[in-house]
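S.K.: Prediction below, plus the sequence it came from.
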Amino acid sequence: MMTVHDPSLAGGQSHDARPHAIVIGAGFGGLAAAVRLGARGYRVTVVEKLDEPGGRASQFRQDGFTFDAGPTIITAPFVFEELWALCGRRLSDDVDLRPLDPFYTVRFHDGQEFHVNGDDKAMETEIAKFSPGDVAGYRRYLAESERCFQAGFTGMIDKTYATLGAMAGALPDLILRRAERSVYKLVSKYIKNEKLRQGLSFHPLFIGGNPMRSSGVLSLISYLEREYGVHYAIGGTHALVKGLAGLIKGQGGVIRTGVEVAEITVEYGRATGVRLADGEHLPASIVVSNADAGWTYTKLLANHPRKRWTDAKVDRAKYSMSLLVWYFGTDRRYEDVGHHTVMMGPRYGGLLHDIFDAKVLADDFSLYLYRPTATDPSVAPEGCDSFYVLSPVPNLDAGIDWTAAAEPYRRKIEAHLEATLLPGLGRHVVTQRLMTPVDFRDRLLSVKGAAFGMEPVITQLAWFRPHNKSEEVENLFLVGAGTHPGAGLPGVVSSAKILDKVVPHASTVV
Ligand SMILES: Cc1cc2nc3c(=O)[nH]c(=O)nc-3n(C[C@H](O)[C@H](O)[C@H](O)COP(=O)(O)OP(=O)(O)OC[C@H]3O[C@@H](n4cnc5c(N)ncnc54)[C@H](O)[C@@H]3O)c2cc1C
């Protein structure tokens, strides 16, 4: 049995006898971690730099419009159900989650649309619309996607990869699934039509991966969506954040916002708490960091000697792309535009190369357009629409001067939307805000302004990723996009589940 000493009790600072756990960051990973630690007997304090919980999933209100800042496609609702169940509640007690149909529409450059949903017959009709000869291949692709789900999701998502031995355990399945082959290659094995190849392979972009080199195992997302649906939380994704914050409060936990951690304090190789930017020290028996993993090691443990995650190794790692996100509200509704639209540009592989490898801001782009008012009019004033559009762009390694580049790039996107899905857009925008890679670095403290942390390439997954139980410091644990299993809501929420395996139960803390 592991035991840890609880220094937070030494000074008698609290009347609450439970051992104290500090969670740095109130992203989905940090909030899920707090719920799990609360359920395991800890008194939890979440310390968040921003003014409200949510992290990338924060929400802002402007001129009567409500904008989700980040995640919008909610898959795998069971990962949330589990957290509510730990608190003796049901997700539906607090969050009105609605399944979407279609899940999303992929719109190609020539205007042709591919509507994706969970109905096999409807999907086969869609596939046949593009290429009747690909229907049989699509069925075989789905079967492969299910096998990838068993190997990569069921088999890996909440496992600890603290040792190479554990990694070796996962290898047979990965070899069988030819995990080294990219998602695009895997899809192309079954599907001949180029548009369908794109429409079935772009998903790694939602977790920071390049479909041309992310492991084919990530095609599990097709099965995940088909089996468990794509959902929307009424009020926006932030309804889930508020729900989690409510669970934490119900457990007697505290979320302190507007408070930045400057350092994780360490004595004799063990985390003893955190020092805030204003100098205050918060003692704790365990510390969980939901901050960017690279940032955690290079900044919050800057003064601590590190064996594995040295500054040089963190700098050498491959990082995901970044994003430019334009949030805007219109004084009219665009009834023909669905809830989620992926707008493919004229190039696919070439554009991905420009973003991930050449790191140049290309003249063309692919976009994702979010219109929550298609399902939920409450997020905009009556008769209006709330939108965001995002464009994957190179991370800050590219050296792009975003103070100069952002506005012309945004204008190009606006012109494209105006010429395609949103006629007259320029005349109807009544409120707006822009987020660039610089905000990912300065606001969310992400290394290189990457929107999804380290890129999910096979050499940076599982054991190769920063571990959930820190390799550098005892009693320090990591959750969120930078650790195993990686970015995306199912991933970061599952990273917190791993704490149940690596954090000692509070009853063992002396
Ligand atoms: C625009 C966008 C769209 C996305 N769309 C989807 C989607 O549709 N579906 C999906 O599943 N995923 C999506 N994702 C990915 C998903 O949002 C993220 O992977 C996930 O939200 C990351 O959660 P996290 O817990 O790792 O941390 P974050 O949300 O990054 O939270 C970390 C928190 O830690 C805080 N913090 C950092 N350092 C400190 C410090 N020193 N002191 C105090 N606090 C600190 C930060 O302020 C932040 O609040 C999207 C991401 C973006 C950016």
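M.R.: Thanks, I have the structure now.
S.K.: CA atoms for contacts and neighbours, from now on please.
M.R.: OK.
S.K.: My read is that Ala233 contacts Gly243, right?
M.R.: No: counting by CA atoms under 8 Å, Ala233 does not reach Gly243; the two are 10.7 Å apart.
S.K.: Distance check, Ala128 against Asp120.
M.R.: Distance of Ala128 to Asp120, given as CA to CA, to the nearest Å: 12 Å.
S.K.: hey, where'd the strands end up in the stretch 151-300 of the chain?
M.R.: 231-233, 254-256, 261-267, 270-276, 281-283, 286-289 (DSSP state E, counting those that start in this stretch).
S.K.: For the second one, which helices and strands make contact with it?
M.R.: Pointing back at strand 254-256 there. Other helices and strands packing on strand 254-256, by 3 or more CA pairs under 8 Å, 6 or more residues apart in numbering; DSSP states H and E, are strand 43-47.
S.K.: residues from the stretch 201-350 of the chain in reach of the ligand?
M.R.: 206-207, 259-262, 290-291 (CA under 6 Å from any ligand atom).
S.K.: Most widely separated two among the residues you listed?
M.R.: Using CA to CA, the pair of those lying farthest apart is Phe206 and Ala262, separated by 29.8 Å.
S.K.: more neighbours, those two?
M.R.: Between Phe206 and Ala262, counted using other CA atoms under 10 Å, Ala262 has the larger neighbour count: 18 against 15.
S.K.: so the more buried one sits right up against Leu300, yeah?
M.R.: Yes: taking CA under 8 Å as the definition, Ala262 is a contact partner of Leu300 at 5.9 Å.
S.K.: could I get the strands of the stretch 151-300 of the chain as CSV with mean pLDDT?
M.R.: Output for those, formatted as CSV (pLDDT from 0 to 100):
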stretch, mean pLDDT
strand 231-233, 98
strand 254-256, 98
strand 261-267, 98
strand 270-276, 98
strand 281-283, 98
strand 286-289, 98
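S.K.: Tell me which of the ones you listed sits most buried.
M.R.: Ranked by mean neighbour count, the strands of the stretch 151-300 of the chain are led by strand 286-289 with a mean of 29 (mean count of other CA atoms under 10 Å).
S.K.: Which positions in the helix or strand of the chain with the lowest mean pLDDT come out as buried?
M.R.: Of all helical and strand segments in the chain, the minimum by mean pLDDT, DSSP states H and E falls on helix 164-176, at a mean of 78. Residues of helix 164-176 classed as buried: 167, 170, 173-174 (neighbour count, 16 or more other CA atoms under 10 Å).
S.K.: What is it packed up against?
M.R.: Here helix 164-176 touches no other helix or strand, going by 3+ CA pairs under 8 Å, 6+ apart.
S.K.: interface residues of the chain facing the ligand?
M.R.: 24-30, 47-50, 54-57, 70-74, 206-207, 259-262, 290-291, 444-445, 451-452, 480-481, 487-489, 492.
S.K.: Among those residues, name the buried ones.
M.R.: 24-30, 47-50, 54-57, 70, 72-74, 207, 259-262, 290-291, 444-445, 451-452, 480-481, 487-489, 492.
S.K.: give me the low-pLDDT residue ranges for this protein?
M.R.: 1-14, 510 (pLDDT under 70).
S.K.: Give the next helix or strand downstream of the longest helix seen in the chain.
M.R.: Determined from DSSP state H, the single longest helix within the chain is helix 402-419. Following helix 402-419 in sequence order, the next helix or strand is helix 425-428 (DSSP states H and E).
S.K.: Now that next one: buried residues?
M.R.: Of the residues in helix 425-428, 425, 428 count as buried by neighbour count, 16+ other CA under 10 Å.
S.K.: What is the subsequent helix or strand relative to it?
M.R.: Once helix 425-428 ends, the next helix or strand along the chain (criterion: DSSP H and E) is strand 429-435.
S.K.: picking that back up, overlap in contacts of Ala233 and Gly243?
M.R.: Contact criterion CA atoms under 8 Å, 6 or more residues apart in numbering; residues shared by Ala233 and Gly243: Val95.
S.K.: if you go through the stretch 51-200 of the chain in chain order, where are the helices?
M.R.: Assigned by DSSP state H, counting those that start in this stretch, the stretch 51-200 of the chain shows helices spanning 78-86, 91-94, 120-130, 135-148, 164-176, 183-190, 194-201.
S.K.: Compare the ones you listed and report which one is nearest to Lys313.
M.R.: Shortest distance between Lys313 and those, using CA to CA, is found for helix 164-176: 18.6 Å.
S.K.: Just want the angle from the closest one to helix 135-148.
M.R.: Note on geometry: by axes from the mean of the first three to the mean of the last three CA atoms, to 10 degrees, helix 164-176 and helix 135-148 are set 170 degrees apart in direction.
S.K.: How far does helix 164-176 sit from its chain's centre?
M.R.: Distance, stretch centre to chain centre, for helix 164-176: 25 Å (CA atoms, centre = their mean, to the nearest Å).
S.K.: and what of stretch 490-497?
M.R.: 10 Å.
S.K.: same thing with stretch 70-87?
M.R.: The chain centre lies 13 Å from the centre of stretch 70-87; the measure is CA atoms, centre = their mean.
S.K.: outside of it, which residues touch it?
M.R.: Outside stretch 70-87, the residues that touch it by CA under 8 Å, 6+ apart are 32, 35-36, 39, 56-58, 90-91, 224-225, 228-232, 236-237, 247, 251, 370, 488-490, 493-494.
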